[in-house]
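Enquirer: need coordinates for the below:
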Amino acid sequence: MNTHREIFTLTNSIILITILCYFLQANIQYGDILFGLNIYFFTDELYYQVVSTIFAHGGIEHLAMNMIVLWQMGNLIEGYIGKVRFFLIYMIGGILTSVGTLAYMYFTEDFVNVVGASGAISVIMGYYAMKVPTERKGILVWILLISFAPLMFGMSIAWYSHLIGFVVGFVLGFIL
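Expert: As a prediction, this is how the structure comes out:
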């Protein structure tokens, strides 16, 4: 069992980079818009947003919640599959989730600003659910809770990014 005693994990490095990117985003004029995933991907050709949105967040609370879940799930999965496969799943899955989110926004014409690592985190949760069948039900319940419970409290959340990420991770579980 992974007890998270290792300090220099890839997951912890991703967390540090995400925190640094958040503070950069927060200190740049229009940082939320520039680093988020939004209509400017299409209108101003801000193609880097498919990556930058993974590291941008909507506030310190949003950042803290995502980084706690990433620390727990990321270190678990990284210990199970190794650094290289974990990096590939997190980054490729995160980018594919961004592309899926763009498709959702394009076809529904719901061009909001999407920020956060939760889509990429959902990828690793989907991967874990595919690889560890005994945990599927619990992980699926968790994904549904984090996707829809905030909506009941009037919070703005990109629930579709969570679901897309989960499916992407599940599919990546077959491939990697």
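
Enquirer: read off the pLDDT value for the closest residue to residue 33 other than its chain neighbours.
Expert: Nearest non-adjacent residue to residue 33, counting by CB to CB, 6 or more residues apart in numbering: residue 113, 6.1 Å away. (C-beta placed from N, C-alpha, C; glycine too.) pLDDT, residue 113: 97.

Enquirer: ok, now which ones touch residue 113?
Expert: Each residue near residue 113 by CB atoms under 8 Å, 6 or more residues apart in numbering is listed here: 32, 33, 36, 37, 38.

Enquirer: the strands in this protein, which residues?
Expert: Here the chain has no strands by DSSP state E.

Enquirer: neighbours of the nearest residue to residue 90 once chain neighbours are set aside, just the number please.
Expert: Using CB to CB, 6+ apart and skipping the chain neighbours, the partner closest in space to residue 90 is residue 120 (5.5 Å). As a burial measure, residue 120 scores 31 neighbours (other CB atoms under 10 Å).

Enquirer: quick check, pLDDT for residue 120.
Expert: Per-residue confidence (pLDDT) for residue 120: 98.

Enquirer: residue contacts, it?
Expert: Applying CB under 8 Å, 6+ apart to residue 120 gives the contacts 54, 90, 91, 93, 94, 97, 165.

Enquirer: what about 6 Å?
Expert: When contacts are counted by CB atoms under 6 Å, 6 or more residues apart in numbering, residue 120 touches 54, 90, 94.

Enquirer: from residue 98, how far off is the residue lying closest to residue 161 once chain neighbours are set aside?
Expert: Leaving aside its chain neighbours, residue 161 sits nearest to residue 119 (4.0 Å; criterion: CB to CB, 6+ apart). According to CB to CB, to the nearest Å, residue 119 stands 7 Å off from residue 98.

Enquirer: before we move on, what about residue 75?
Expert: 23 Å.

Enquirer: and those two? Which one has more around it.
Expert: Legend: neighbour count by other CB under 10 Å for residue 75 and residue 98, higher for residue 98 (24 against 21).

Enquirer: can you give me the distance of that one to residue 120?
Expert: Between residue 98 and residue 120 the computed distance is 9 Å (CB to CB).
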